[in-house]
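> Below are the sequence and a predicted model; questions follow.
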Amino acid sequence: MIARTALLVLALAASPAIAQWLPSYGGERAGQASYSFLKSDYHIGSSGMGSVGSVLGGDARSMGYNPAGLAQTKGLSMAFTSLGSGSGLEQGSAFVAGKVRGRSAAWGIGIQRLQTGAYQERTEFRPQGTGRLLYDAQTAFLLTYSQQLTEQFQMGLSLKALNETYSAGYTGWGAAADIGFQYHLREEGLRFAVVLRNFGAPVSLQGSNWAVGYNRDSLSSLESANLPTEFAIGIHFRAYQRGKHHLDLAAQLVHPSDNAENYRVGLEYRFADQLFVRSGIMLNQAGQPFPTMGLGFAQKLGSTLALLDLSVQPTAGMGSWTAIGLTLQPQTVKAP
């Protein structure tokens with residue numbers, strides 16, 4: 001009880017300090033951050049619960065939100081995800097993680113990628129299209145390390161190399177980092193988490209086709225843009241447990257650098273660690289006023305445990321984001 005109260009006080013005390021360090025601009029800077037795909041939730045189980053990924057962990061999926069959760073990995077774990085919407089944007093990720101021999105730690109490598117569909121090049125002289133098809137892509141390469149510091153406390157760090165490529169003739173590189181912490185009170189079924197995501201210096205594009213102003217004067221360089229940094233605090237607890245039936249609840253506060261604060265609440269019902277039913281909602285999140293939904297299935301395949309996750313995130317302007325994820329890990333590991 002004392003540990004729980006102390007941690008909660010520390011989290012509440014840290015929140016205003018972080019908020020001052022990472023100022024919130026509400027809607028003033030919405031859409032102005034680069035590499036916005038980094039804000040996506042690549043933990044499909046989390047996205048079905050309203051994206052409360054800061055408090056989840058146990059396998060390679062943790063690299064998609066809070067690297068601290070990777071410390072619970074018991075063996076070689078692989079996670080693959082695919083996200084899509086009717087807008088033509090496609091996102092995906094692949095993560096591989098494993099234990100560090102002789103230490104209560106885990107490593108991970110991975111890739112996250114967003115790619116547009118083909119679209120016509122248009123100019124002021126040929127507004128109907130030049131006949132040339134363009135493709136754009138943004139990619140993040142991850143290197144993760146997570147350490148179990150005590151029986152209850154763990155931390156993780158992800159370093160990201162960023163690249164964006166536009167077939168119109170521009171490219172850019174950048175770097176970012178995620179750092180997260182999780183604190184477990186297993187006897188009481190409680191888990192607290194803090195994570196700082198996508199922290200790094202501003203990025204800019206380079207290319208031979210420099211931007212042109214309205215007066216047709218060429219610009220000497222392109223403007224730089226900030227990364228979509230966000231700070232999140234979360235709590236997760238077991239609300240009900242009887243026999244094969246479990247009900248988990250989670251809540252998360254997110255403070256992004258390029259938009260207003262938002263709040264997320266999610267739940268997961270699991271039966272016999274084989275069937276997972278999830279739902280959640282994001283409050284004060286522009287464009288996402290609808291509840292999220294998700295399903296999960298766990299199946300033993302020889303010496304491997306396979307987890308299949310599905311989620312749907314309806315939006316107000318871009319249709320519904322649908323996601324599917326496949327996680328493979330040793331059979332001896334209990335479904336997280």
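It's in. It should be emphasised that the depicted structure is a prediction, and the values quoted were computed from it without experimental measurement. Residues are numbered from 1 along each chain as shown.

> And the contacts of the helix or strand containing residue 268?
Element membership of residue 268, judged by DSSP states H and E, is strand 262-271. Contacting residues not belonging to strand 262-271 are listed as 45-46, 48-52, 239, 244-254, 256, 276-285, 292, 296, 335 [Cβ atoms under 8 Å, 6 or more residues apart in numbering]. For every residue, glycine as well, the C-beta is placed using N, CA and C.

> For it, which residues meet the burial criterion?
Judged by neighbour count using 16 or more other Cβ atoms under 10 Å, the buried positions of strand 262-271 are 262, 264-268, 270.

> Within its sheet, name the partner strands of the helix or strand containing residue 98 and how each one runs.
Using DSSP H and E, residue 98 falls within strand 90-99. Paired neighbours of strand 90-99 in the sheet (DSSP bridges): strand 77-84 (antiparallel), strand 105-115 (antiparallel).

> Can you give the contact residues for that strand?
Counting by Cβ under 8 Å, 6+ apart, residues outside strand 90-99 touching it are 37, 40, 42, 59-64, 70, 73-84, 105-117, 142, 144.

> can you count the residues close to residue 127?
Burial of residue 127 is recorded as 9 neighbouring residues (other Cβ atoms under 10 Å).

> how much space between it and residue 170?
21 Å (Cβ to Cβ, to the nearest Å).

> just residue 37 next, same as before
Counting by Cβ to Cβ - residue 37 and residue 170 are separated by 17 Å.

> Now, of the contacts of strand 90-99, which are buried?
37, 40, 42, 59-64, 70, 73, 75, 77-84, 105-106, 108, 110, 112-116, 142, 144.

> Any chance of the backbone angles for residue 149?
Here is the backbone geometry of residue 149 (degrees, to the nearest 10): phi -80, psi -40.

> Test my guess that it contacts residue 182.
No: the criterion here is Cβ atoms under 8 Å, and residue 149 misses it with residue 182 at 10.2 Å.

> Kindly point out which residues are neighbours of both of these two.
With Cβ under 8 Å, 6+ apart as the test, residue 149 and residue 182 both reach residue 155.

> Hmm, residue 148 is touching residue 104, no?
Yes: contact criterion Cβ under 8 Å: residue 148 and residue 104 qualify, at 3.6 Å.

> which SSE is the residue nearest to residue 69 when sequence neighbours are not counted in?
Excluding the flanking residues, the one nearest residue 69 by Cβ to Cβ, 6 or more residues apart in numbering is residue 57, at 2.1 Å. Residue 57 belongs to no helix or strand when elements are defined using DSSP H and E.
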